[in-house]
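Colleague: 3D model of this:
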Amino acid sequence: MNRRMVLVIEDEPSVMAFVCAVLERSGYAVESAENGARALELLRVRHYWGVISDMRTPGGVDGAGVWAWIAQHRPELLDKIIFITGDIVNEETAATLRRTGAPYVEKPFRVQQLISTVENILGKAE
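Modeller: Numbers count the residues shown, from 1 in each chain. Predicted coordinates:
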């Protein structure tokens with residue numbers, strides 16, 4: 001199996017299902033985590049081609065926390081993180097996006113917007 005595995009972190013089931021379906025149809029392998037804490041468990045033991053994370057997830061570890069963990073433990077993934085946010089006007093979210101420089105897709109987004117961002121950052125699925 002040579003498909004590029006992407007970790008998707010999203011707590012809204014409908015958004016998670018949408019993102020996973022778009023990625024899988026485009027040829028990516030997908031693993032999902034419903035919050036940042038679960039994502040960190042997965043990141044500790046598995047290798048991913050990229051990470052797509054909601055900015056706000058329950059459980060004490062949000063998108064900024066995932067980014068900070070990756071910066072310390074898996075820096076090779078820093079340029080392969082894409083944030084999803086519906087809260088771009090929130091100052092904390094805006095500050096995180098500025099600080100990390102990570103690309104983001106704003107909710108609600110269209111299929112083409114998501115996949116073009118993913119392909120630009122992660123490359124096309126093989």
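
Colleague: the strands in the protein, which residues?
Modeller: Using DSSP state E, the strands of the chain run over 5-9, 29-33, 50-54, 81-85, 104-106.

Colleague: just the buried positions in the first one, please.
Modeller: Looking back up the chat, that one is strand 5-9. For strand 5-9, the neighbour count (16 or more other Cβ atoms under 10 Å) marks 6, 7, 8, 9 as buried. Just so you know, the C-beta spots here come from the backbone N, C-alpha and C atoms, and that holds for glycine as well.

Colleague: closest to residue 18 out of those?
Modeller: Among the buried residues of strand 5-9, residue 8 lies closest to residue 18 (Cβ to Cβ), at 10.1 Å.

Colleague: ok, now which ones touch the residue nearest the centre of the chain?
Modeller: Geometric centre of the chain, nearest residue: residue 52, 1.1 Å, by Cα atoms, centre = their mean. Contacts for residue 52 (Cβ atoms under 8 Å, 6 or more residues apart in numbering) come out as 6, 7, 8, 9, 10, 19, 23, 81, 82, 83, 84, 118.

Colleague: let's go with 10 Å and repeat that
Modeller: Contact partners of residue 52, counting by Cβ atoms under 10 Å, 6 or more residues apart in numbering, are 6-10, 19-20, 23, 28, 30, 32, 63, 80-84, 104-105, 114, 117-118, 121-122.

Colleague: same check on residue 85?
Modeller: For residue 85, the contact set (Cβ under 10 Å, 6+ apart) comprises 53-56, 63, 93-94, 96-97, 104-107, 109.

Colleague: spatially nearest residue to it (excluding sequence neighbours)?
Modeller: Residue nearest to residue 85 in three dimensions, not counting chain neighbours: residue 55, with 4.2 Å by Cβ to Cβ, 6 or more residues apart in numbering.

Colleague: list phi and psi for the one you found.
Modeller: phi -70, psi -40 (degrees, to the nearest 10).

Colleague: output the lowest mean pLDDT helix or strand found in the protein.
Modeller: Scoring the helices and strands of the chain by mean pLDDT, DSSP states H and E places helix 91-100 at the bottom, with a mean of 91.

Colleague: that'll do, ta.
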